[in-house]
Structures are given as C-alpha cells and as structure tokens.
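Colleague: A structural model of the following input is requested.
(2 chains)
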Amino acid sequence: MSALQIIGWGVTSPAGTDDQALVGALDRPPAPVEVTGRYDAPLPTPRAHALLDFDVRAELGRKGTSFFDRRTALTVVTCRRALADAGLQVSDANRHRIGVVLGTTAGSVRSSVDYAVDTFTQDPPYMVNPALFPNTVMNCAAGQSAIWFNLTGVNATLAGGRVAFLSVLRWCANSFRSRQADYLLAGAVEEFTPHTAWLSRHGRDDELPAGEGGAVFVLRPPGGTHLRGPDAEVLAVTLGFCPRGRDRAEALAGCLRGALDRCGVGGDRVRMAAIGGADDAAARATAWRAVESALGHSRVRRIAVDGAMGDNPTAGGALELATVLAAHRQDPRLDGQLSVLVAQNREGAVGAAVVRGWGRGSARG
Amino acid sequence: MKRVVITGLGPVSNIGIGAAAFESGLRGGHTGISAITSFDTAGFPRTMAGEVRAFEPEPILRRLDTATWGRSSLFAAAAARLAVRDAGLRVDRVPPHRVGVVVGTTSGESKVTEEMGRRIVDHGFPALPGELAEQLPAGRLAAAVSEELGVTGESVTLATACSASNYALGYAYDLVANGDADVMLTGGADSVCRWAHAGFVRLGAVADKACAPFDRDRSGMITAEGGAMLVLESAEHARARGATPYAEVLGYGLNCDARHMVAPDAASIAECMRLAHRNAGVRPDDVDYICAHGTGTAANDATEAAALEDAFDGRVPPVSSIKSMLGHTMGAASAFGVMATALAIARGFLPPTINWSNPDPAMARLDPIPNHARPARVRVAQNNGFAFGGNNAIVLLGAVS
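Modeller: Predicted coordinates:
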C-alpha cells in the first residue's frame, strides 16, 4: 500500500515547463539571465534564474489578478498546468473534496517586508495598502488558488524551507488516510525578488544564484483509479528532526531508512535520488553521504536542478520530483523504477520519500 | 484508532503564564490588553494591543540560546516547556523519535520581518545582517520546540493564518490516533508587530480600547501575541504514566471558503461545523459550550452567529470569546481556545466574554456568557477557528470517559 498517488503535475521553471525541457536541462542547464537593473533594489548576483518573461495577465487575464503577489501568481499558473495535465475536471460534485496544500519558507517575503517598509515611510504610518494586506499571510497563495479554481476542500500551508515540500506530501498522505479529501493540489512555488535572492545568498559558499518557480502535483489516495494509471506512487514519506550536536548525515540516513522500511523497498532497487538543493557545500555532501549510506550503494543517478534553475530553497525538491517524473515520461525503460527524495533545512528538520514512477500510457506491473 | 487526550497546557499569555495563572485569568475575566510598548505608536490612531509584557524566556527554557531565536520561536518553545511541565511528562523517558511537534502561526517571525523593513529603510538592502536571514524562516517555530525538548519526531509548522493552531491540533491528533507518535506537542505562536497592526488598523478592524465580541456596540479586534502549546498523547500512554487528562480530542473538521481572502462565509463555516461534528461522532445537541473565533469585528460576529444558528438549527449552546480578554493572538488563538475549552471540561466552568454591555438584536438568542465565568457541566465542547484565506478549522473536545 502506498501513501498516495500522483496523477498529473505542472511546473513553472527557468528550464521550461515540459518533460523534454526539464530532462534536457539536467545535461544542458540554461544559463542564468542578467537581472541587474531589473528590480527596485540591489541584487547579490548580476545574473539569476529569474523568469523575466512571466506575465500573470498574459497567463490568467486581468480580472482577479491585479493584487496577486508574484508567489501567488506563479502558484495559480502552476496549479492550472497541474489540473490540465491530470485531466481533473472540477465540478459542484467534487469541489468540496479537492484541496490545495503548499509548502513555503516565510510566504511572500517581499509582500510582508514591503508592508513593514511602508509603516516606516508613510505618514501617518498606518497608511499601508489594505488591498495588499492578504498577501502578507503565508497561506495567501493557497487561499487564492482555492478561490481561482473554486476548491472548497482542505487547504493548508506548511512552512519548512527545504523540508516544506516533503512536509506537504506527508500532510497530504495523512489527509487521505483520514479520508478528508479525494484530490489534493500539492506543491511548492517560490518567487524571485531581491528579498529571496538575499535570503538565498546567506551562508552560501558558492556562486549559485537564486532562482524561482516550482511544481504542483495532483494527488489521489492510494488504491483508487483515475482516467489512467498514476504517473507515480509515493510509497512512503517520513519526517524527523535532528537537534544540534547530533550527526546530521545519520539523522537524514535514518529518516530515509525509515521510509524504505515502511514500504518494504531495498535500497539496491533505487535508481534515482534528489536532495532538494543545499545551503552550502558541507550540507550537500552530508545529504549525498546520507543517501548512499541508507541505500547501501552509490550507483543512483543524481537528479539536481539547482544548476539549471538556481537555488530555490522552498521549491527545489518539488522541481526535482517533477524532473524525475519527466524522465519517466521521456524514457519508458524507467517504468516502475524507484527514486528517493531527501531534504534537510538549516534548523535540523529532515525528510525522505520513496517514489515509483511511470511514463504516460505505460503498462503497470 | 487510539483515543487521544490532552494532558498538559502551556500558555504564555497576556492574562497569565502557565496553566494555573491562565485558568485564573479566564475564570476572573481578566484583560490582557494594554498600551503598545514593543513599537513606536506615534501616528497610529489605535494604540492598544495584547502584548505579553511579562514574558522572559530565559527562566523557562533550558536548552535554547535565546539570543539566536526570534520572539515567536521563543514563545513556542517556552510554551512547550510549560506544557510538558504541566503534563508531568519526563520527555527524556519517552523515545525521542516518538515525540513530534506541530506549531501553527499566522506571520511566523513577524518582528524579524519588521526589523528587515526598518533596516532596508535606514541602510538599504546590502546592509541587511545575516542574523535576520537566519531567523526569518517560519519553520523555526516548530524547530525551536524540537530543539528545546531534544526530540526527533517530525517537526512541522502550519502556516494557515488565524486558524493555524486548530489545524496543528488536528494533525497532531491524527498522528497520535494512528500510532505514528506517542506524544505530540501542538499549538501556535505569533508576535505583536508594527506592520500587521498597521494592516488591521487600515482595514478599519481594530477597536479603540477594548474588544467586545457579540456586543451591539462592538468596535473591532485587538492585535495580540503569545505562545500556546499543549501535550497530546494516547489515552493508554497517559494512563501508563499516571497522568490525569484535561479532555479527550474527539475530532476536527477543515474546509475552505474559496470565495474571498478576508471576508468570512457563513455557509462554508456552518458546513465546516457539520464536518467537524461528523468526524468527531457528535450531534449538535451534544455540544455544551462553544469557544468562538470571536474576533469582535462586525463581520466576524455576524458570520459566526449565522453559521452557529445554521449548524445548530437554532439551538446554539452558550458561546464565549476569550479574545475579549486576550485580544487576537493570531496563530496562537485557536490553541488558547483549545486550552479554554479543555479547562471548561476539566474544571466545570464556562469562560466569559468580557467587555459585554448590550445584546445585539441581530443575534438576540445568542448567550455570550457575559462578563462572568459560569459554573457548568461540560461534556462536549467546540473550538472555532477561521482565517484569512478562508481556512476554517473546528475542533471538538469531550470529557474523558
């Protein structure tokens, strides 16, 4: 029995949106674009993996989008792609059983910090824009997505930085177990702003610039069927915490072993792995050491998108899962193969998931 | 499914820090509202808030280095430490991986956000200090609790705004009920800050002096802060260590209005109540007390009263708003409500709605338990939580059988 099924997904990323672009970017990562002078504040790097051409009005129209912050706009567009890919029709019969579950680091940091800035520059200081106040809450993107698609089921936002996406999958698995939803749009999406660029720079010991975008997956409870076989099954997802002073690699490896044990999968059967990016070289080394220790071998294909899409602490893991599933669609020889995702954040939260994927139209066995 | 009980309360509130002080504040109908001191209120037409002025993390915390954590994280960690103490729980005697943490919040480390704004205005972007980047992530609220207690189970922060700690409790309940964890620390935390205060003032939602929910002459909400953490464990785990539970968690319901980011929707909230009742296996007639979301704004009062009329078919049990005492503690609000509800059940009293003077003809049948706590036998009680984004979350508690 798996934890949940994935029946479709959507991506908004600097490497593109379709399978071919995502898989191609692994070998031929697109260069970051010139961002100097494109924003209203100095940036820590002259180039970044920003989506300079993203235009919410072109994507969604003018009506209802004028007060969206960038994170919300990117999220709604990505949800729309995911719904279309899954072929899920929302109707009065099912909307109360369809929810939205998103991961975040601190919401749209630009929205809340700009609000704070206004209280120091406006006279009187409370003359902030009331229409932008909802953007300051971290559940804004999830709430606006629910409004856009009229989804009245469970609606949640989980904060956890690099672990947020695996927390989302775990929360969704529990939601299905307690029969609270039939479908969930689950993912993580981040904006590029001077604020996120500056946050990403903090503590980095390499030149990796920040990026933006993310991925949203349409999830179903395990067991049921929908139109066709699933794109993937998340066989298990586990979370944990490693207090200061404990061995982080061991904690992460233990979390992954727990996930493998839960679904009865031997590490030798795992073919692909992703770590959701890292804050610095040491954290990256720790994550790969943990993966290889838990799997008992180092033959996994490493799926890392930060070279192609920039550092995206909130959504890197979601983008890597989408890239794994894109690889399945591109290559039927991968049908039924197993991948693992792990994640850790600076504070010590850890997570792991085991995923089995297929291409579209493949036989299941 | 295991039965899940609440065995420890850890309130860090403006009416009392610690379970006993909080209970006496609730019973006495104390107010925690005072003139704002945490930021300069010059130019603000509303200057009252529910700050926890007496909060000193150092005497409560054992492990965290208080200088490296933001105020909301310290609220959560201190509240968790108090909850564990109230539960009489020796955390070091529970396998660390069997203890998890789930914390709800609206604005996370909002004082860090405020400080970022101030620094950007004064010195510009490149001069932002690394400590702010370090302290900003909202996931630190749960991490602070896990780190303080040295536990290794899952550590999750739910950011569903002002119902977040009901969301948190629901998730924690599921993990214990399904045997994923033996003990869960669950609750919420938020801090009073300049920018959120400004936002609510600008919306015209903030009261001048006092928060008077369900009163004809209400004038709005009061922004507030605090940390509220509870110990949840399976009934068998509590029994085995000889703990006395306050109440049992019966179930919860979640839904989303999906209509408007700010304005609540009565039909959707009534549906959430029906969902919660169904999940908890209770009928409306079983409910003896409702701890309202009760922000004290005209919009909330009218919507909540209409939803209650609908879901309870006109037979609404006594309803009070503890926000009349605490103000709106945002992400901590629902967890303070759970505490009030658990105390109502365990100690046999209904917490009052203070500042109440005149019935509102639009909700004439509503009993807001005006101004004075009332002795009552409470078998089943309901705690309402609504939020920006339409995130409704309702929890049902029952007496321990």
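Colleague: OK, contacts around the residue lying closest to A:R346 once chain neighbours are set aside?
Modeller: Distances taken as CB to CB, 6 or more residues apart in numbering or on different chains place A:D279 nearest to A:R346, at 5.8 Å, with adjacent residues excluded. C-betas here are computed from N, CA, C, even on glycine. A:D279 makes contact with A:R162, A:G203, A:R204, A:P313, A:R346 under the criterion CB atoms under 8 Å, 6 or more residues apart in numbering or on different chains.
Colleague: One more pass at 7 Å, please.
Modeller: Listed by CB atoms under 7 Å, 6 or more residues apart in numbering or on different chains, the contact partners of A:D279 are A:G203, A:R204, A:R346.
Colleague: What about the residues you listed, which one has the most neighbours?
Modeller: Tallying neighbours with other CB atoms under 10 Å in any protein chain shown puts A:R346 at the head of the contacts of A:D279, with 19 neighbours.
Colleague: Okay, and that residue sits in which element?
Modeller: For A:R346, there is no host helix or strand (DSSP states H and E).
Colleague: B:M330 versus that one, what's the distance?
Modeller: Shown here: A:R346 relative to B:M330, a distance of 25 Å by CB to CB, to the nearest Å.
Colleague: Can you point out the helix or strand that includes residue 259?
Modeller: All of this is about chain A. Using DSSP H and E, A:A259 falls in helix A:248-263.
Colleague: In that helix, which residues are buried?
Modeller: For helix A:248-263, a neighbour-count test (16 or more other CB atoms under 10 Å in any protein chain shown) marks A:248-249, A:251-260, A:263 as buried.
Colleague: same question, stretch B:118-126
Modeller: For stretch B:118-126, the neighbour count (16+ other CB under 10 Å) marks B:R118, B:R119, B:I120, B:F125 as buried.
Colleague: what does stretch B:368-378 give?
Modeller: Applying 16+ other CB under 10 Å to stretch B:368-378 flags B:P368, B:I369, B:P370, B:A373, B:R374, B:V378 as buried.
Colleague: In strands, which of those appear?
Modeller: Mapping the buried residues of stretch B:368-378 onto strands (DSSP state E) picks out B:R374.
Colleague: From the buried residues of stretch B:368-378, pick the one nearest A:P209.
Modeller: Ranked by distance to A:P209 (CB to CB), the buried residues of stretch B:368-378 are led by B:P368 at 55.8 Å.
Colleague: Where does the prediction get shaky in chain A?
Modeller: By pLDDT under 70, the weakly predicted segments of chain A are A:1, A:362-365.
Colleague: where exactly do the helices run in it?
Modeller: Along chain A, counting by DSSP state H, helices occupy A:19-27, A:56-60, A:70-86, A:109-121, A:140-149, A:164-177, A:194-201, A:248-263, A:281-295, A:306-309, A:316-330.
Colleague: does B:M184 sit in a helix, a strand or a coil?
Modeller: What DSSP: H, G, I helix; E, B strand; the rest coil gives for B:M184 is strand.
Colleague: how near is it to B:N178?
Modeller: For B:M184, the distance to B:N178 (CB to CB) stands at 11 Å.
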